[in-house]
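[1] I would like to see how this sequence folds:
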Amino acid sequence: MAKTGQSRRRFLVALAFLATGLLSLTRFLKPAAKSKKTLLAVAEKDIPSNGALVYKEARVAIIRESGKISAVSLVCTHLGCTVSATTDELVCPCHGSSFDWKGIVIKGPADRPLPQYKVEERDGRIVVLL
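    Numbering: from 1, shown residues only. A predicted model of the protein is given here:
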């Protein structure tokens, strides 16, 4: 029987190097999952029931309504003014647009709802993500 110069061991070693090379290559070809940036982190107990915490500098309101926590941008969708929070609604002082606590337009001139941020609970803290 003639020797071919190939053996099972050489084939398996070559296959292992090929698999390792492909796995290494996919690391560079696959786009990295974007991690969401943390905008705010607040202790959950600090958020009043059926109320809101307003962060003017971050232009975000963290709202607890019927036990559900959400975060709404306070940038008016009309011209970008900072929306103020009242006991009943969110009101833009520039042109009078008003929104409910979910950011839905009640009265214009704004025609789009306020953007909502993703909220996660981590170890008793509410984290608002961009």
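
[2] pull out the buried positions in the host helix or strand of residue 41.
    Element membership for residue 41, per DSSP states H and E: strand 38-43. Under the neighbour-count criterion of 16 or more other C-beta atoms under 10 Å, strand 38-43 has 39, 40, 42 buried. The C-beta positions use only the backbone N, C-alpha and C, and glycine is treated the same way.

[3] check contacts around the closest residue to residue 45 other than its chain neighbours.
    Leaving aside its sequence neighbours, residue 45 sits nearest to residue 124 (C-beta to C-beta, 6 or more residues apart in numbering; 7.5 Å). By C-beta atoms under 8 Å, 6 or more residues apart in numbering, the residues touching residue 124 are 43, 44, 45.

[4] cool, residue 117 as well?
    When contacts are counted by C-beta under 8 Å, 6+ apart, residue 117 touches 39, 60, 71, 72, 73, 128, 129, 130.

[5] again, 6 Å this time
    71, 128 (C-beta atoms under 6 Å, 6 or more residues apart in numbering).

[6] state the pLDDT value of it.
    Predicted confidence (pLDDT) for residue 117: 90.

[7] the one 10 residues further on too?
    Here, the pLDDT recorded for residue 127 equals 87.

[8] now residue 78
    For residue 78, the predicted pLDDT is 88.

[9] in the protein, which spans are strands?
    38-43, 51-55, 60-65, 68-73, 84-85, 90-91, 98-99, 105-107, 116-122, 125-129 (DSSP state E).

[10] mind listing the strands the longest one pairs with, and their directions?
    Looking at strand 116-122 with DSSP bridges, its paired strands and their directions are strand 68-73 (antiparallel), strand 125-129 (antiparallel).

[11] before we move on, what about the fifth one?
    On the basis of DSSP bridges, the sheet neighbours of strand 84-85 come out as strand 90-91 (antiparallel).

[12] counting neighbours, what do you get for residue 121?
    10 (other C-beta atoms under 10 Å).

[13] what's the pLDDT at the spatially closest residue to it that is not a sequence neighbour?
    Closest residue to residue 121 apart from its sequence neighbours, by C-beta to C-beta, 6+ apart: residue 44 at 6.6 Å. pLDDT recorded at residue 44 is 81.
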